[in-house]
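J.: Compute the structure for the input listed below.
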Amino acid sequence: PTLDPADTSVQIHACHGRARQVEVARDAVLHLMAADPTLEPRDVLVMCPDVEEFAPLVHAVFATAGGDGVPDVRVRLADRSLRQTNPVLGVVADLLELPGSRATASQVLDLAARPPVARRFDLDDDDQEQIGAWVRDAGVRWGLDAASREPFGLDGLEANTWRFGLDRILTGVAVADDGALVADVLPLDDVGAQGIDLAGRLAEFVDRLGRVARALTGPQTLGAWCDALRVAADLLTDVPPSQGWQRRELDALLDELAAQVPGGAGPALERAELVSLMADRLRGRPTRAGFRTGALTVCTLVPMRSVPHRVVVVMGLDDGAFPRRGHVDGDDILSRDPRVGDQDVRGEDRQLLLDALMAARDHLVIVHTGNDARTNADVPPAVPVLELRDAVDRAVAAADGTSASAAIPVRH
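T.: Okay, here's the model as predicted:
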């Protein structure tokens, strides 16, 4: 086939990092919509290897698309993981990671700001701002208490832990700060009687968090793990009646896990093994939700997802990220003796990109990282992108005897 050198239906953009990729994808879509008034957001499909990595960037970038004569593009993200669509599941997933983490001040404050947790302890925006100020002034850095620092070899040091900071805050409620120590604790200034209720709710939150962290430590049977997660959700989360489906979804997931071992027996599992089990069930799965809503759809590259659209944008085609490198599980005996016809992850990804290309009716926009965002060093694109550029080069050369390789990739 031949290709007119003036044909811009295929665009390849080399960018500085993923944030710039999303900005370029937005600008490319807006340019196409401005050039063709019949093009609507529902005619545009944006695909990427992992929608979770791009979701925060998409929300931030497309939220600023409107204004100054620029059309406001409504965006709908599909294939989101359950921990993103269900706040209660997100809190439980974070709690599972807490025992093995440092429990930094920012990590715990972020957890307290989650809607189910904030509702459980009646924390509004002003309360969270005040708590943040107390935590900074009290010198809280990391660790729930001295015992939680044992894995890091600092179990005898309680300074700058949450227990240390709470002692200062609660002492500041009861005693005026005159520079004197009270039972070896320096009261925090400017807490006062007006902060009694809020300080009590903060202390209750941290105390329950410590109880949950201890309950989620050590090997347990699958049934015991499920019971501990239910108790953790009871202690730290609450949802309004209209959003009761969030807790019911958690209970259904835990029931499904517990049903794998009838009677609650079975071998004891480490926390890392439970995290792996939960991650498999919380990851994003292709569904019909989020499609054909009239908005621009952002989804994952998955089989049978390449429904024809007038404009198809593919982001994240970076070397090392696409095609995916197959992870060989140590328990997979088939991987020890591979045969023709076995699953090939890299081959499947190449087919997915080909399906996406064939789904584009008017325009195909490829966006990848071409330069390091900090050093500006050249970063090679994924191999399929290089092959696509070579194919376009040959098509242009067949038309007029020239090469368009220098004109195809646009750097941003």
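
J.: How about the secondary structure of Pro384?
T.: Under the three-state scheme (DSSP: H, G, I helix; E, B strand; the rest coil), Pro384 adopts helix.

J.: when you give positions from now on, start the count at 19
T.: Got it, the first residue is 19 from now on, which makes the last one we talked about Pro402.

J.: ranges for the helices of the stretch 119-268 of the chain?
T.: 123-131, 133-138, 143-156, 180-192, 214-233, 240-254, 263-276 (DSSP state H, counting those that start in this stretch).

J.: Switch those helices over to JSON lines; also include distance to Leu287.
T.: Every C-beta, even on glycine, is put in place using the N, C-alpha and C of the backbone. Listed next are the helices of the stretch 119-268 of the chain as JSON lines, based on distance: least, C-beta to C-beta, whole Å:
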{"stretch": "helix 123-131", "distance to Leu287": "24"}
{"stretch": "helix 133-138", "distance to Leu287": "26"}
{"stretch": "helix 143-156", "distance to Leu287": "34"}
{"stretch": "helix 180-192", "distance to Leu287": "28"}
{"stretch": "helix 214-233", "distance to Leu287": "14"}
{"stretch": "helix 240-254", "distance to Leu287": "6"}
{"stretch": "helix 263-276", "distance to Leu287": "10"}
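
J.: Out of the ones you listed, the one nearest Glu70 is which?
T.: helix 123-131 (17.2 Å; C-beta to C-beta).

J.: ok, and for that closest one, which residues are buried?
T.: Neighbour-count burial for helix 123-131, with 16 or more other C-beta atoms under 10 Å as criterion, is recorded at 123, 126, 129-130.

J.: What is it packed up against?
T.: helix 105-115, helix 143-156, helix 214-233 (3 or more C-beta pairs under 8 Å, 6 or more residues apart in numbering; DSSP states H and E).

J.: most neighbours per residue, which of those helices?
T.: The highest mean neighbour count among the helices and strands packed on helix 123-131, using mean count of other C-beta atoms under 10 Å, belongs to helix 105-115: a mean of 21.

J.: Mind exporting the C-alpha coordinates of that one to CSV?
T.: C-alpha atoms of helix 105-115 as CSV (Å, rounded to 0.1, in the frame of the first residue of the first chain):
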residue,chain,number,x,y,z
PRO,A,105,-13.4,3.0,49.0
VAL,A,106,-13.9,0.3,51.7
LEU,A,107,-11.9,-2.2,49.8
GLY,A,108,-9.2,0.4,49.2
VAL,A,109,-8.9,1.0,53.0
VAL,A,110,-8.7,-2.8,53.7
ALA,A,111,-6.0,-3.2,51.0
ASP,A,112,-4.0,-0.4,52.6
LEU,A,113,-4.4,-1.9,56.1
LEU,A,114,-3.0,-5.2,54.8
GLU,A,115,0.2,-3.3,53.8
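
J.: what's in contact with that helix?
T.: 100-102, 129, 132-135, 230-231, 234, 247, 250-251, 254-255, 257, 264-265, 267-268, 271, 289, 292-293, 296-297, 300 (C-beta atoms under 8 Å, 6 or more residues apart in numbering).

J.: For Asp45, see how far away Ala192 is.
T.: 58 Å (C-beta to C-beta, to the nearest Å).

J.: Looking at the two, which has the bigger crowd around it?
T.: Higher neighbour count among Ala192 and Asp45: Asp45, with 15 against 12, using other C-beta atoms under 10 Å.

J.: Now find how far off-centre the helix or strand containing the more buried one is within its chain.
T.: Following DSSP states H and E, one finds Asp45 within helix 35-53. Put simply, helix 35-53 sits 22 Å off its chain's centre (C-alpha atoms, centre = their mean, to the nearest Å).

J.: Following the chain past that helix, name the next helix or strand.
T.: Trace forward from helix 35-53 with DSSP H and E and the next one is strand 62-66.

J.: what angle do that following strand and helix 35-53 make?
T.: Relative orientation of strand 62-66 and helix 35-53, computed by axes from the mean of the first three to the mean of the last three C-alpha atoms, to 10 degrees: 170 degrees.
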